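Undergrad: Based on what follows, work out the 3D shape:
(one chain, ligands or ions: 1)
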Amino acid sequence: MEFRKEIEVAKVLVGGKVDESVVEIRYDPLTLQTTRIVKKNFPIQSGDFSEEIESTKSWCPFCSERIDQMAARDPEIMNGELWKRGEAVLFSNLMPYSKHSLVLRLTENHFVGVSEFKTKHFIDAFILVQDYIKKIPDGKYYVTIGMNYLKPAGSSIMHPHIQVMISEVSTDYFARLDWSALEFMESNGVDYWKKLVEDEIEGERYVGRTDKTEWIAAFAPKGFFHIMGIPEEREFAEMSEEQLKGISSGIVKILRYYGSKNLNSFNFTLYCADRLGEHFRTNFHIVARSPFGKYYWCDVFYPKMLHDESVVFFTPEEYAREIKERWEEL
Ligand SMILES: [Zn+2]
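TA: Next up is the predicted model:
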């Protein structure tokens, strides 16, 4: 596996003295998509948004006193019912993104700090998604599960929730992963993610292990503090509870790490291997977003928006070392 990068050195005249600044352009080992690592002194500061928590509570459709009346229903697979497990509630997305488009209310509480999520919140949610996937008629589908948390991550509703998109047509990047993984399997005889774990487990980007799951900082991060989770069990709907626990407890550990760095907003996604083939393994990705506060700024600039190239200020090998040291206590 090739971890390729190019280095450019920029000269900057500051206070009568020439400074050299290194820019790393890294290629994702599977898709070859590029990321720029820019050494920028970026203070992570989150502001107070307690006023927003209170004001959004008064109309939130996912709070328990409103969800039964307001949630959109799936007339076919879910027979117009809401599916509930623990604090999780599964229902249809009022504005669907695909043939099967769902929302999962994750917690009873309207606001949960990133460090306060519990493993059980995610396990219960994932089991409901499994139940749903198993009821979909035969055919090829691309299954993704994702989460946007707080406004910097694109979420319009504060209440913690997950989205599920099950589509006959893959997203652009999922298609790229799918065909790149097929090529990889054909030339290497093993799936890309299994090989990635073998190559990275002793290396400087390895973060730690939870039940049946390995955690690795992405070589070419797609966002701040990008960590990947790679499960032993390949297809999402078939995963054992132990496997779901491994993924969920890893998410909770990373969120606690984010919380310890004042990061309060994040995106994650699972690209699920279900109905694809042996070349694909379900893989999980999480990135922190610029922290939410009254005057938050957006970390998606023109390079990401229009060139599809991520720009990040943090080096994977550095934060991987920090998370690895704290992995057990997180
Ligand atoms: Zn709410």
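Undergrad: Return the residues of the stretch 201-330 of the chain in contact with the ion.
TA: Within the stretch 201-330 of the chain, no position lies close to the ion (Cβ under 5 Å from the ion). Any C-beta I mention is one placed from the backbone N, CA and C, and that applies to glycine too.
Undergrad: now the helices for the stretch 201-330 of the chain?
TA: In the stretch 201-330 of the chain, helices defined by DSSP state H, counting those that start in this stretch lie at 241-260, 302-307, 316-326, listed in chain order.
Undergrad: can you tell me which of those comes nearest to Val89?
TA: Taking Cβ to Cβ as the criterion, Val89 comes closest to helix 241-260 out of the helices of the stretch 201-330 of the chain, the separation being 17.1 Å.
Undergrad: Show the secondary-structure elements that the closest one is packed against.
TA: With contacts taken as 3 or more Cβ pairs under 8 Å, 6 or more residues apart in numbering; DSSP states H and E, helix 241-260 sits against helix 119-135, strand 206-210, strand 213-217, strand 224-231, strand 265-271, strand 283-289, helix 316-326.
Undergrad: mind running it again at 10 Å?
TA: The contact analysis (3 or more Cβ pairs under 10 Å, 6 or more residues apart in numbering; DSSP states H and E) places helix 241-260 against helix 119-135, strand 142-149, strand 206-210, strand 213-217, strand 224-231, strand 265-271, strand 283-289, helix 316-326.
Undergrad: pLDDT averaged over that helix - what is it?
TA: Taken as a whole, helix 241-260 has a mean pLDDT of 98.
Undergrad: Also stretch 303-322?
TA: On average, stretch 303-322 scores 97.
Undergrad: With stretch 87-95 instead?
TA: Stretch 87-95 comes out at a mean pLDDT of 96.
Undergrad: Counting neighbours, what do you get for the closest residue to the ion within the stretch 201-330 of the chain?
TA: Residue nearest to the ion within the stretch 201-330 of the chain: Phe292 (16.0 Å; Cβ to the ion). Residues within reach of Phe292, counting by other Cβ atoms under 10 Å, total 20.
Undergrad: tell me the pLDDT at it?
TA: Phe292 is given a pLDDT of 94.
Undergrad: wait, what's in contact with it?
TA: Residues near Phe292 by Cβ atoms under 10 Å, 6 or more residues apart in numbering: 46-47, 49, 52, 149-153, 155, 158, 263-265.
Undergrad: what would these look like in a markdown table with pLDDT?
TA: Shown next, in a markdown table, are these (pLDDT from 0 to 100):
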| residue | pLDDT |
| --- | --- |
| Ser46 | 81 |
| Gly47 | 85 |
| Phe49 | 93 |
| Glu52 | 93 |
| Tyr149 | 98 |
| Leu150 | 97 |
| Lys151 | 95 |
| Pro152 | 95 |
| Ala153 | 96 |
| Ser155 | 95 |
| Met158 | 97 |
| Leu263 | 96 |
| Asn264 | 96 |
| Ser265 | 97 |
